[in-house]
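Trainee: predicted model and sequence follow; I will ask about them next.
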Amino acid sequence: MKMKQLAAMAVTATLAAGVASAELVIPDLSYRTGPYAAGGTPFSDGYQDYFNMLNARDGGIGGESIRILECETGYNTEKGVECYEATKGEGALIYQPLSTGITYQLIPKATADGIPLHTMGYGRTSAANGEVFNWVFNYPANYWDAASVMVNYLLEENGGDLSDKKIALIYHNSAYGKEPIRTLEELSAMHGFEFTQLAVDHPGQEQKSQWLQIRRERPDYVLMWGWGVMNQVAVQEAANIGFPMENFIGNWWAGAEHDVTPAGAAANGYKSLNMNRIDASLPVFDDIRTLVHDAGNAAGDGSNMGSVLYTRGMYAAMLAAEAIAKAQEIHGVSDVTAAMVRDGMEALEITDARMEELGMARVGPAFSVNCQNHGGSGLGIVQQWDASAGNWVALTDYIAPDMSVIQPLVAEDSAAFAAEAGIEPGCL
Amino acid sequence: MLYREAGDFKTSYEEDSQTFPIAFDRYRYWVVLAFAFLVVPFIINDYWANAIVVPFLIYAIAAIGLNILTGYCGQVSLGTGGFMAVGAYACYKLMTSFPDVSIVIHIILAGGITAAVGAAFGLPSLRIKGFYLAVATLAAQFFLVWLFNKVSWFYNYSASGQINAPERTVFGVPVTGPNTEAWAQYLICLVFVTVCAIVARNLTRGSLGRTWMSIRDMDIAAEIIGVNPLKAKLTAFAVSSFFIGIAGALFFAVYLGAVEVGEAFGIQKSFLVLFMIIIGGLGSIFGSFAGAAFLVVLPVVLKVIGVDLLGWPTDLVAHFQLVIVGALIMFFLIKEPHGLAQLWRLAKEKLRLWPFPY
């Protein structure tokens, strides 16, 4: 036992030596390769470019420079574990695991290691209950919010009545795609619409039978929980069977430029949710362009600036930076630890004024986080693809989800997890 | 000089048929075991355990399992991923249904359940051979993954279909769940690997192994000399699936802790384990270890060299990794079709003659 302690001390000593130089270490678990690379590349570019811009403009956060550790996961869980273990010893402050599989994997590990996870709009929905998931945050919105926002949008479209409507969900047959089913089942019982589910297996290149079924059953609306190549194929298949595009709504991971461009003009009118308002003319992009791209420090080839997922990556970086700034303010030190960043995340408050100050006015919803609610406000917008102009047009303002449906589900699922994992709910 | 039979006199049948006939090999074996059990647990850290050693040990068990079926009995199988999933889900159901029973018993029972499933899917092997059997096992792969995705009883009706390993202890030390220490994780896998390897080695040397090999070499001839193909093939499927089930259970419970069937146990896992035994060497226990080590360690080494030492972009390194691993696989298949185990065998032959080759 003594030997082990000695060995452990030796290891921690070497690790401590590594982090002694004061800097904020932020790992970026990117996936620029594999079947989902088209989505992973712009997100990672945006995430890194924002931090690089802070380094160049403000000298980091609170005077501490930021060091980004990029690690390629290929959206693969085993590689994700390797990346997590390889980077956590460097003093990582916050993880964005990005894949649902890696998120589930890291929730218990990061909790045990005391490093906060930010699963922005993905991952385990019931992590919104901060009393059970002390170290996991999924603000500003989660999948159950997304499902409810979609239904609320459709309610508004149909004068508040969906009772004679048929709604189909076409989903990626994985943990990610299954997330909204329970919420949609509840909402179907509540609003009286008929709900059907169509699973598409990874990677989703083969969807003929699902769309044949849609053609036969003629649902009024098709909702999609797709990712990667599945989105492009689904949009193409919907066009092939002549399904009205304006009745086809994807979630926020099924609504980027590369999802709709392969179908060309046929994709015109396709709708999707977004947690960000897409505006390539935001002042923050000018800062990134002059301070990062023109200086030759762009994370990628610089071509993704202002796109849906680039904006989202940058938004995620902004939320992380704000949480770190908050942690510095709470604890009065600039060289914060992962535990302090967690406190910063839990006290985070994003207002419209603050976003405007940061040069990204109304890029996301205003929200605040507290111990009970790690999920933020849950607001989302509906955007529509304009194929001729080649851009996404926001159709609505931020729509609120129906919390009376989601809260009990979150409570139920997190209680089941707490019982299974033996967690005593409470604030840290 | 050191490495030869000469002077090592065997005076009983037991000694004559022991696993390592050469004295140097016997000492080396004990030194390796002593190092693995007595030294590594004290120096291992989270990174080494999670990124390299634990996956290596678990894949080694899976490779031993597949090697019994494919290397020793000659039945090609592409269902490894599916059988690992059976082990993982059986272990999960047992862990959550009987939380008071030791995890070690659960893992062994998970192996037993997988053995039963494997034997059932082995039945077609009595009628079909070669490529056709590969396709039949491919059906097992897809069916099992579909089953664990579709029937929510297997994942206790959780909203996402993910399964999570709760904390379980062995002698009061947690071996699953997030609070597991690297050394505990390592030791439990090591114990299973050691026992599995010894059992597999002795099974393949005994009469059961000989019947498997006779079926592999020529099934009609084997039948004529009195080997029952039904018994030989089904035992091969059962024993092979037993090991693969244990690997799947450890993969889920000890290594990853949370698993999604389509992602963790898809067809690519079946191919990965098949590549391991082809590169390592068909019909060799050592080959299973060598192949597992090759395919687990090489990508990590390439990543460390590319990203950490040379500072290349991560996506470039990831793409290079595919190219290099692929090229090395082809190189090995052309230069040494019998795998790394054959290189080892040749090295031993040469060692016997050293320093006076003739």
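Mentor: It's in.
Trainee: which residue packs closest to A:V81, ignoring adjacent ones?
Mentor: Nearest non-adjacent residue to A:V81, counting by C-beta to C-beta, 6 or more residues apart in numbering or on different chains: B:N50, 5.5 Å away. Quick note: C-beta positions are derived from backbone N, CA and C, even for glycine.
Trainee: report the contact partners of that neighbour.
Mentor: A:V81, A:E82, A:E85, B:A182, B:Q185, B:Y255 (C-beta atoms under 8 Å, 6 or more residues apart in numbering or on different chains).
Trainee: and the first one, how many residues sit next to it?
Mentor: Which is A:V81. Residues lying near A:V81 (other C-beta atoms under 10 Å in any protein chain shown) number 22.
Trainee: name the helix or strand for it, please.
Mentor: Counting by DSSP states H and E, the element that carries A:V81 is helix A:77-88.
Trainee: off-centre distance for that helix?
Mentor: 19 Å (C-alpha atoms, centre = their mean, to the nearest Å).
Trainee: going by neighbour count, list what's buried in it.
Mentor: A:T77, A:E78, A:K79, A:G80, A:V81, A:E82, A:C83, A:Y84, A:E85, A:A86, A:T87, A:K88 (16 or more other C-beta atoms under 10 Å in any protein chain shown).
Trainee: which one of these sits closest to B:V151?
Mentor: A:T77 (21.9 Å; C-beta to C-beta).
Trainee: backbone dihedrals for the residue nearest to that closest one when sequence neighbours are not counted, please?
Mentor: Of all residues not flanking A:T77 in the chain, A:G101 sits nearest, at 4.2 Å (C-beta to C-beta, 6+ apart). According to degrees, to the nearest 10, the main-chain angles of A:G101 amount to phi -60, psi -50.
Trainee: identify the residues contacting the closest residue in space to A:Y143 that isn't next to it in sequence.
Mentor: Excluding the flanking residues, the one nearest A:Y143 by C-beta to C-beta, 6+ apart is A:E179, at 4.1 Å. Taking C-beta under 8 Å, 6+ apart as the criterion, A:E179 is in contact with A:T100, A:T125, A:Y143, A:W144, A:W225, B:A159, B:S160.
Trainee: how far away is A:E179 from A:L348?
Mentor: 23 Å (C-beta to C-beta, to the nearest Å).
Trainee: quick check: mean pLDDT of stretch B:129-136?
Mentor: Averaging the model's pLDDT scores along stretch B:129-136 yields 89.
Trainee: contacts only, for B:L78.
Mentor: B:A134, B:V135, B:T137, B:L138, B:Q141, B:I267, B:S270, B:F271, B:L274.
Trainee: no wait, A:Q213
Mentor: Applying C-beta under 8 Å, 6+ apart, one finds that A:Q213 lies in contact with A:L198.
Trainee: ok, now with 10 Å
Mentor: Residues in contact with A:Q213 (C-beta atoms under 10 Å, 6 or more residues apart in numbering or on different chains) are A:A168, A:I170, A:T196, A:L198, A:P219.
Trainee: with A:N152 instead?
Mentor: A:G160, A:L187, A:H191, A:G380, A:V382, A:T396, A:I399, A:A400, A:P401, A:D402.
Trainee: flag the shaky bits of the stretch 1-150 of chain A, pLDDT-wise.
Mentor: Applying pLDDT under 70 to the stretch 1-150 of chain A flags residues A:1-22.
Trainee: what segments of it are strands?
Mentor: Secondary structure of the stretch 1-150 of chain A by DSSP state E, counting those that start in this stretch: the strands cover A:24-30, A:66-72, A:117-118, A:136-137.
Trainee: quick check: which of the ones you listed is nearest to chain B?
Mentor: strand A:66-72 (3.8 Å; C-beta to the nearest C-beta).
Trainee: hmm, the closest one touching chain B?
Mentor: Yes - applying C-beta under 10 Å from any C-beta of the partner chain, one finds that strand A:66-72 is in contact with chain B at A:L69, A:E70, A:C71, A:E72.
Trainee: that strand packs against which elements?
Mentor: strand A:24-30, helix A:37-58, helix A:77-88, helix A:308-331, helix B:314-335 (3 or more C-beta pairs under 10 Å, 6 or more residues apart in numbering or on different chains; DSSP states H and E).
Trainee: can you put those in CSV and add distance to A:W253?
Mentor: Output for the helices and strands packed on strand A:66-72, formatted as CSV (distance: least, C-beta to C-beta, whole Å):
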stretch, distance to A:W253
strand A:24-30, 16
helix A:37-58, 7
helix A:77-88, 17
helix A:308-331, 9
helix B:314-335, 20
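Trainee: can I see the domain layout of chain A?
Mentor: The record's domain split for chain A, according to automatic domain parsing, is A:23-141+A:278-379, A:143-274+A:381-407.
Trainee: most tightly surrounded among these?
Mentor: Highest mean neighbour count of the domains of chain A: domain A:23-141+A:278-379, a mean of 22 (counted as mean count of other C-beta atoms under 10 Å in any protein chain shown).
Trainee: so how far is it from its chain's centroid?
Mentor: 10 Å.
Trainee: now do stretch B:6-18
Mentor: With C-alpha atoms, centre = their mean, you get 30 Å for stretch B:6-18.
Trainee: how about residues contacting it?
Mentor: The contact list for stretch B:6-18 (C-beta under 10 Å, 6+ apart) reads B:P21, B:I22, B:A23, B:F24, B:D25, B:R26, B:R205, B:R352.
Trainee: so which of those belong to helices?
Mentor: Secondary structure defined by DSSP state H assigns B:A23, B:F24, B:D25, B:R26, B:R205, B:R352 of these to helices.
Trainee: show me which residues of the stretch 251-400 of chain A are close to chain B?
Mentor: Near chain B, when you scan the stretch 251-400 of chain A using C-beta under 10 Å from any C-beta, you find A:A299, A:G300.
Trainee: and chain B, is stretch A:28-40 touching that?
Mentor: Yes - applying C-beta under 10 Å from any C-beta, one finds stretch A:28-40 in contact with chain B at A:D28, A:S30, A:Y31, A:R32, A:T33, A:G34, A:A37, A:G40.
Trainee: the third one - nearest residue in space that isn't next to it in sequence?
Mentor: Just to be clear, that refers to A:Y31. Using C-beta to C-beta, 6+ apart and skipping the chain neighbours, the partner closest in space to A:Y31 is A:G40 (3.6 Å).
Trainee: what about that neighbour, distance to A:K271?
Mentor: Note on A:G40: its distance to A:K271, by C-beta to C-beta, is 23 Å.
Trainee: mind checking which of the contacts of B:L78 are buried?
Mentor: For the contacts of B:L78, buried by 16+ other C-beta under 10 Å: B:A134, B:T137, B:L138, B:Q141, B:I267, B:S270, B:L274.
Trainee: which of those sits closest to B:V104?
Mentor: B:S270 (26.6 Å).
Trainee: surely B:V54 is in a helix?
Mentor: Yes - counting by DSSP: H, G, I helix; E, B strand; the rest coil, B:V54 is found in a helix.
Trainee: what sits against it?
Mentor: A:81, B:44, B:48, B:182, B:185-186, B:188-190, B:250-251, B:254-256, B:296.
Trainee: sounds good, over and out.
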